[in-house]
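J.: Fold the following, please.
(2 chains)
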Amino acid sequence: MCLAIPARIVEKTGGENAIVSLDGVKKEISLALVADAEVGDYVLVHVGYALNTISPEEAERTLSLMAEMGLAGEAAE
Amino acid sequence: MIAEGRIIVDLGRPVRIRSSRAASVAGLLRGRRVDEALSLLPMLFSLCAHAHLAAARQATGREIGPADGLMVLAESAREHLLRILLGWKGDGAPGMPVEPVMALVPDMKAACEAGCGNSGTVTQALERYLEEHVFGCPPADFPKADLARWLRGAETAPARYLRDVVARGWQGAGAVSPAFLPEVPAGELKQRMHEAGFCTTPEWRGAPRETGPLARRCRVPVVAAVVAEHGAGLLARLVARLADLALIPGEMRRAGMPVSGASGLGVVETARGRLAHAARLEGDVIADYAILAPTEWNFHPRGVAAQALEGLTPRPARAVIEAIDPCVDFELRAA
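T.: Alright, predicted model coming up:
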């Protein structure tokens, strides 16, 4: 099932890439699909791409749902 | 941390496919009122939010209207185009513009909110984009096209990618004897979906099945011709995706309805294949819920991906996996 996970942009790294923070874990992703995302914005990330920006409230709500669903602590091997 | 899950493919003999795709939504939705559940699902499944929402509305007995169909079609077009944009990299020539693709779903939503009669402008914009950047001809002409002639003539990024596949001799890479998921009786599907384990490793009549553009469009002339010449392999899958995409504007005009089902079951044809939701209600409260996504059919341990990847080296294997198109990330491990 195609989950897209909310993450906060902490740094733009040049080109179309950015570092996002997801539960404190940092990961480099591509902003190629979102024209106007800035540092501090929440974006939905799917397979290494930010799909769109969402509000911090939406992000928080989605993350708590995902945690409730048992996705937290899921070892990605 | 929260992980979106992924599929791990070991290119050994035999090919091994495992999924770390997580969590059932049943536990999250059980005990909630239907309206609340319908507001939560699109937040979780934001990639195919409208497909999931339409399946859920149908499964929980809510009304389904033309706007639901149009949103699912717009989302399917976007998902096909993103797969093409991000994955079909041929000779490094300039690709396709991103912005109109990402605008498709929000534009269709705005049009539908103003009354479905306004969807025509969005359909036209999609059609123009497809003609200019994908097909090099009116999209409605592609399903009947002579592929060899189209490949010689079209100067679009997808045509260049397909020429690259042909130049590498990968047309028949990953060809399988198709075992397409047929139309299935609603009552039986619904019952199976509530059984433990069915939605993670689904089988129908004792065998894993394929769902997706090739299963849906195998009778479209341009697709059937490739299957006849090269088998149900890489080129057939790529052409089937293009044919499926080419048919979307016409379906939008006809108000084609990709949503079906019965009481307690919602079935939606999405870009990646058939998505099903099954709901058991007690009054207006969800007693049990199950979701069966296309990736579970196609990446079943003995399913179409496992069969197609048998004997392939990593480069064509990667192209075949991307053509079957899992909805999560994948990791390819060489033998």
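J.: Spell out which residues of the stretch 51-200 of chain B are next to chain A.
T.: For the stretch 51-200 of chain B, the residues in contact with chain A (C-beta under 8 Å from any C-beta of the partner chain) are B:82, B:86, B:98, B:99, B:102. Using the backbone N, CA and C atoms, a C-beta is placed for each residue, glycine as well.
J.: just to confirm, which helix or strand has the second one in it?
T.: Read it as residue B:86. Assigned by DSSP states H and E, residue B:86 belongs to helix B:66-87.
J.: Might you calculate how far the helix or strand just after that helix sits from the centre of the chain?
T.: Helices and strands here follow DSSP H and E; after helix B:66-87, the next one along the chain is helix B:99-113. Centroid separation for helix B:99-113 versus its chain: 19 Å, with C-alpha atoms, centre = their mean, to the nearest Å.
J.: Show the secondary-structure elements that the next helix or strand after helix B:99-113 is packed against.
T.: Proceeding N to C from helix B:99-113, the next assigned helix or strand is helix B:119-129, under DSSP H and E. Helices and strands touching helix B:119-129, by 3 or more C-beta pairs under 8 Å, 6 or more residues apart in numbering or on different chains; DSSP states H and E, are helix B:66-87, helix B:99-113, helix B:234-254.
J.: for the last one, which positions count as buried?
T.: Of the residues in helix B:234-254, B:234-249, B:251-252 count as buried by neighbour count, 16 or more other C-beta atoms under 10 Å in any protein chain shown.
J.: would you list every one of the helices in the stretch 201-335 of chain B?
T.: B:213-217, B:221-230, B:234-254, B:294-298, B:304-309, B:314-324 (DSSP state H, counting those that start in this stretch).
J.: Turn those into JSON lines, including mean pLDDT and distance to chain A.
T.: Listed next are these as JSON lines, based on pLDDT from 0 to 100; distance: least, C-beta to the nearest C-beta, whole Å:
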{"stretch": "helix B:213-217", "mean pLDDT": "98", "distance to chain A": "16"}
{"stretch": "helix B:221-230", "mean pLDDT": "98", "distance to chain A": "25"}
{"stretch": "helix B:234-254", "mean pLDDT": "97", "distance to chain A": "17"}
{"stretch": "helix B:294-298", "mean pLDDT": "95", "distance to chain A": "8"}
{"stretch": "helix B:304-309", "mean pLDDT": "97", "distance to chain A": "16"}
{"stretch": "helix B:314-324", "mean pLDDT": "96", "distance to chain A": "11"}
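J.: Could you provide the ones you listed in a markdown table, with additional columns for distance to residue B:14?
T.: Supplementary listing: the helices of the stretch 201-335 of chain B in a markdown table, determined by distance: least, C-beta to C-beta, whole Å:
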| stretch | distance to residue B:14 |
| --- | --- |
| helix B:213-217 | 22 |
| helix B:221-230 | 24 |
| helix B:234-254 | 20 |
| helix B:294-298 | 17 |
| helix B:304-309 | 7 |
| helix B:314-324 | 14 |
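J.: right, so of these, which gets closest to residue B:32?
T.: helix B:294-298 (23.5 Å; C-beta to C-beta).
J.: With just CA atoms, put that closest one into CSV.
T.: In CSV, the C-alpha atoms belonging to helix B:294-298 read as follows (Å, rounded to 0.1, in the frame of the first residue of the first chain):
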residue,chain,number,x,y,z
PRO,B,294,-2.0,-4.5,-6.6
THR,B,295,1.6,-4.8,-5.3
GLU,B,296,0.7,-7.8,-3.2
TRP,B,297,-0.5,-9.6,-6.3
ASN,B,298,2.4,-8.7,-8.5
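J.: ok, and what's touching that helix?
T.: A:1-2, B:7, B:19, B:21, B:181, B:199-202, B:208-212, B:270, B:272-275, B:303-305, B:324-328 (C-beta atoms under 8 Å, 6 or more residues apart in numbering or on different chains).
J.: from the middle of its chain, how far away would it be?
T.: Distance, centroid of helix B:294-298 to centroid of chain: 10 Å (C-alpha atoms, centre = their mean).
J.: try stretch B:11-25
T.: For stretch B:11-25, the distance to the chain centre is 19 Å (C-alpha atoms, centre = their mean).
J.: Could you work out the end-to-end span of it for me?
T.: Using C-alpha to C-alpha, to the nearest Å, the end-to-end distance of stretch B:11-25 comes out at 31 Å.
J.: Give the rounded mean pLDDT of it.
T.: For stretch B:11-25, the per-residue pLDDT values average out at 82.
J.: Okay, now the unreliable bits of chain A?
T.: Residues of chain A that meet the criterion pLDDT under 70 lie in A:1-2, A:71-77.
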